[in-house]
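This is a predicted model, with the sequence first.
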Amino acid sequence: MDEYVTTFQVIVEEEALALFVPTLFSPNGDEQNDFFRIRGTRIASLQLRVFNQSGLEVFRTQDLAVGTQRGWDGTCKGQVLPQGVYTWTIAGRFTDGSPLTFKGKTFGQVTLVR
């Protein structure tokens, strides 16, 4: 019986800097997609703003935990907002100093479904 010994090296590259921004959320209390929040790795700072169709700001945070964990619940000043399309903007940096972007952009839209 022949034996073969193979030696190889595994190189683990540094995790890519990437964001995920959902295009839809449904704040209905079912614990699934109830909040609009930014997902990503190695985010150092984040400002997240959300605007209604009239261009009025309905949500803003510079708190990294709020923007990535708690998120926006579809309300403004305690009032439930109607379903529809809202515009978001982001600003901030990754831990390597590069700017936060999602698919090369710092803005987009999210649909709120009730």
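Happy to help now that I have it. Just so it is clear, the model here is predicted, and its values are computed rather than measured.

Which stretches in the chain count as helices?
64-65 (DSSP state H).

Report how many residues lie close to residue 7.
By other CB atoms under 10 Å, the residues close to residue 7 number 4. Where C-beta positions appear, they are placed from N, C-alpha and C, glycine not excepted.

where does the chain dip in pLDDT?
For the chain, applying pLDDT under 70 flags the ranges 1, 8, 10-16.

those strands in it, which residues are they?
All strands of the chain, identified by DSSP state E, fall at 19-20, 24-25, 39-40, 43-51, 57-61, 75-76, 79-80, 84-94, 107-112.

Return the residues in contact with the residue minimising distance to the centre of the chain.
What sits nearest the mean C-alpha location of the chain, by CA atoms, centre = their mean, is residue 38, with 1.4 Å. Residue 38 makes contacts with 19-21, 46, 48, 67-68, 71, 90, as judged by CB atoms under 8 Å, 6 or more residues apart in numbering.

of all those residues, which comes closest to residue 113?
Distance to residue 113 across the contacts of residue 38 (CB to CB) is lowest for residue 71, with 15.0 Å.

Could you pull up the residues touching the closest one?
35-38.

one step back: tell me the one of the contacts of residue 38 nearest residue 114?
The nearest one, if we look at the contacts of residue 38 relative to residue 114 and count by CB to CB, is residue 71, at 16.4 Å.

Residue 63 versus that closest one, what's the distance?
Distance of residue 71 to residue 63, computed by CB to CB, to the nearest Å: 11 Å.

that older thread, got the contacts of residue 38 as TSV, with distance to residue 55 columns?
Shown next, in TSV, are the contacts of residue 38 (distance: CB to CB, whole Å):
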residue	distance to residue 55
19	24
20	25
21	19
46	22
48	17
67	21
68	25
71	21
90	17
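
ok, of those, which come out buried?
Burial by neighbour count, 16 or more other CB atoms under 10 Å: within the contacts of residue 38 this picks out 19, 21, 46, 48, 67-68, 71, 90.

Which member of these is positioned nearest residue 78?
Nearest member of the buried ones among the contacts of residue 38 to residue 78, counting by CB to CB, is residue 71, at 16.5 Å.

which ones are touching the closest residue to residue 52 other than its chain neighbours?
Nearest residue to residue 52 in three dimensions, chain neighbours excluded: residue 58, at 5.3 Å (CB to CB, 6 or more residues apart in numbering). Residue 58 makes contact with 50-52, 76, 81, 86 under the criterion CB under 8 Å, 6+ apart.

Sweet, I'm off.
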